[in-house]
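> Sharing a model prediction with you, sequence too.
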Amino acid sequence: MDPAGGCPHAVNARLLAEGAVAPVVLPGEIEGVAVLGHDALRDFLTHPDVAKGPQHFTALAEGRIPEGWPLRTFAVLPGMMTADGADHRRLRTLVSSAFTARRVEELRPRVESVTAGLLDGLAEAAREGDGVADLRRHYALPLPLGVICELLGVDPAHQGRLHHLSSLIVATDTEPAQAVAANRELVELLGSIAADKAAAPGDDLTSALIAARDEGGDRLSQPELIGTLLLMIVAGHETTLNLVTNAVRALCAHRDQLALVVEGRADWADVVEETLRWDSPVSYFPFRYPTRDLTVDGTLIPRGTPVLAGYSAAGRDTKAHGPDADRFDVTRATTVKHLSLGHGPHYCLGAPLARLEAAIALEALFTRFPDLDLAVPEAELTRHSGFVGNSVRALPVRPGV
């Protein structure tokens with residue numbers, strides 16, 4: 001796996017041609033596996049002999065994973081991402097009520113209000129930039145980051161630092177010393193935020209989690225509280241940031257598809273789903289581990305092997321999505337659902353919120369700026385640092401203000 005990342009689709013196509021499962025070498029010469037085929041990945045994500053707990057990671061148990069390993073947070077973060085069974089259900093239940101379809105729909109007016117303000121900011125940035133503005137920085141980032149921080153009751157003053165630190169954690173080319181420092185600072189910052197909330201509780205998710213921690217019993221430990229906050233903030237904005245960015249890139253490159261939506265022959269929810277399939281915001285997500293030697297699609301995966309979920313590959317698997325799987329088509333009729341938001345017990349808790357935010361953001365953007373287009377050719381855009389997230393670092397656009 002290339003720690004510096006890059007566009008995954010050409011590599012995915014080559015690997016898929018060889019099979020649904022591929023051996024990979026992770027940073028630090030750690031042997032792993034990527035499950036790439038749609039059907040194989042769907043089955044793997046729900047297999048009873050596959051776990052998320054770090055105690056199942058052989059190389060970690062053998063002391064071969066140093067503190068500064070760039071993927072270590074994905075393996076050891078306390079909370080629902082590394083929990084199984086009853087522990088996972090306990091932790092997920094503590095936050096799930098905030099992300100039900102009904103509760104998310106109640107956020108629609110707030111998301112629309114935030115979006116309108118950000119569009120004004122994007123227009124102003126373009127005026128100051130000779131007609132060009134970075135859509136990722138001025139629009140795709142502050143919307144989900146602002147909404148998740150508001151849900152958690154996090155002071156807006158912390159948002160910039162939280163994004164900076166989380167981007168270092170999800171990148172796979174972060175230097176070891178920098179990775180250790182970023183993790184330490186993020187844990188300290190979240191600890192400080194939690195302490196402030198404990199002193200002055202509010203009507204927010206962080207206060208509710210602190211109350212669960214302080215009730216005693218085994219509802220939530222302090223490390224699980226910090227791990228849950230970290231997961232909520234990172235997953236609550238990084239993926240939606242990539243989703244909106246990738247959707248805008250796709251629509252600018254496929255003006256015929258944008259026209260279908262504008263003309264009412266498709267809707268913005270269709271754009272969101274096709275973007276999730278065609279250019280998943282997450283490429284290879286760490287980790288799951290077989291709890292016994294497991295054969296997946298004819299390939300043996302030894303017990304304790306770290307396995308990556310190849311979402312970007314599964315989205316273009318021709319065996320599942322047809323021979324034109326590499327074509328962006330918002331009217332695509334398919335009975336096969338993409339896996340880009342996960343599958344099974346660890347299905348993305350924030351999926352309803354991500355879908356709502358992305359659909360509102362895209363409709364508002366192209367309604368306000370119908371002639372918006374990229375300011376540089378797609379080929380000149382710099383890709384994400386790492387093979388976990390799948391997007392570009394900046395998206396210079398001409399809104400046409």
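Cool, got the structure.
> Next up, identify which helix or strand Ala235 is on.
Taking DSSP states H and E as the definition, one finds Ala235 inside helix 222-253.
> typo on my end, it should be His47
Here His47 sits in a region with no helix or strand, counting by DSSP H and E.
> Find the nearest non-adjacent residue to it, please.
Nearest non-adjacent residue to His47, counting by CB to CB, 6 or more residues apart in numbering: Leu294, 7.1 Å away. Any C-beta I mention is one placed from the backbone N, CA and C, and that applies to glycine too.
> Please apply the same query to Ala309.
Phe285 (4.5 Å).
> Just give me the neighbour total for that neighbour.
Phe285: 22 surrounding residues under other CB atoms under 10 Å.
> Repeat that for His88.
Neighbour count of His88, defined by other CB under 10 Å: 19.
> can you give me phi and psi for it?
Phi and psi for His88, reported as degrees, to the nearest 10, are phi -60, psi -40.
> Moving along the chain from the helix holding Ala235, name the first helix or strand you hit.
That would be, after helix 222-253 and using DSSP H and E, helix 255-262.
> what's the angle between that following helix and helix 222-253?
110 degrees (axes from the mean of the first three to the mean of the last three CA atoms, to 10 degrees).
> contacting residues around helix 255-262?
250-252, 266-268, 270-271, 328-331, 366, 370 (CB atoms under 8 Å, 6 or more residues apart in numbering).
> Name only those of the residues you listed that count as buried.
Neighbour-count burial (16 or more other CB atoms under 10 Å) applied to those gives Ala250, Leu251, Cys252, Ala266, Trp268, Asp270, Val271, Phe328, Asp329, Val330, Phe366.
> ok, of those residues, which one's closest to Leu356?
Ranked by distance to Leu356 (CB to CB), those are led by Trp268 at 10.5 Å.
> Verify the stated contact: the closest one with Leu362.
Yes. If you go by CB atoms under 8 Å, Trp268 and Leu362 touch, sitting 5.2 Å apart.
> List of residues touching the host helix or strand of Asp196?
Per DSSP H and E, Asp196 falls inside helix 176-199. For helix 176-199, contacts defined as CB under 8 Å, 6+ apart pick out 66-70, 72-73, 153-155, 158, 161-162, 165-166, 168-169, 174, 204, 206-207, 210, 214, 225-226, 229-230, 233.
> What is the helix or strand just after it packed up against?
Sequence-wise, the next helix or strand downstream of helix 176-199 (DSSP H and E) is helix 205-214. Applying 3 or more CB pairs under 8 Å, 6 or more residues apart in numbering; DSSP states H and E, we find helix 205-214 packed against helix 85-96, helix 142-152, helix 176-199, helix 222-253.
> so of the contacts of helix 255-262, which ones are in helices?
With DSSP state H as the criterion, helices contain Ala250, Leu251, Cys252, Trp268, Asp270, Val271, Phe366 from among these.
> Quick check: chain neighbours aside, which residue is closest to the second one?
When the adjacent residues along the chain are set aside, Leu251 lies closest to Leu258, with 4.5 Å between them (CB to CB, 6+ apart).
> Okay, that neighbour and Ala309: tell me how far apart.
In this view, Leu258 and Ala309 are 30 Å apart by CB to CB, to the nearest Å.
> Settle it for me: which of the two has more neighbours?
When Leu258 and Ala309 are compared for neighbours, Ala309 comes out ahead with 25 against 21, by other CB under 10 Å.
> partner strands of the helix or strand where that one lies, parallel or antiparallel?
For Ala309, the element it lies in under DSSP H and E is strand 307-310. Using DSSP bridges, the strands paired with strand 307-310 are strand 30-35 (parallel), strand 284-290 (antiparallel).
> Identify the residues contacting Ala171.
Counting by CB under 8 Å, 6+ apart, Ala171 touches Gly5, Pro70, His384, Ser385, Gly386, Val388, Gly389.
> Repeat that for Gly227.
Leu77, Pro78, Gly79, Met81, Thr82.
> Likewise for Ala354?
Pro144, Thr239, Thr240, Leu243, Leu341, Cys348.
> Among those residues, which one sits closest to Glu378?
For those, the nearest to Glu378 is Leu243 (17.2 Å; CB to CB).
> Sounds good, over and out.
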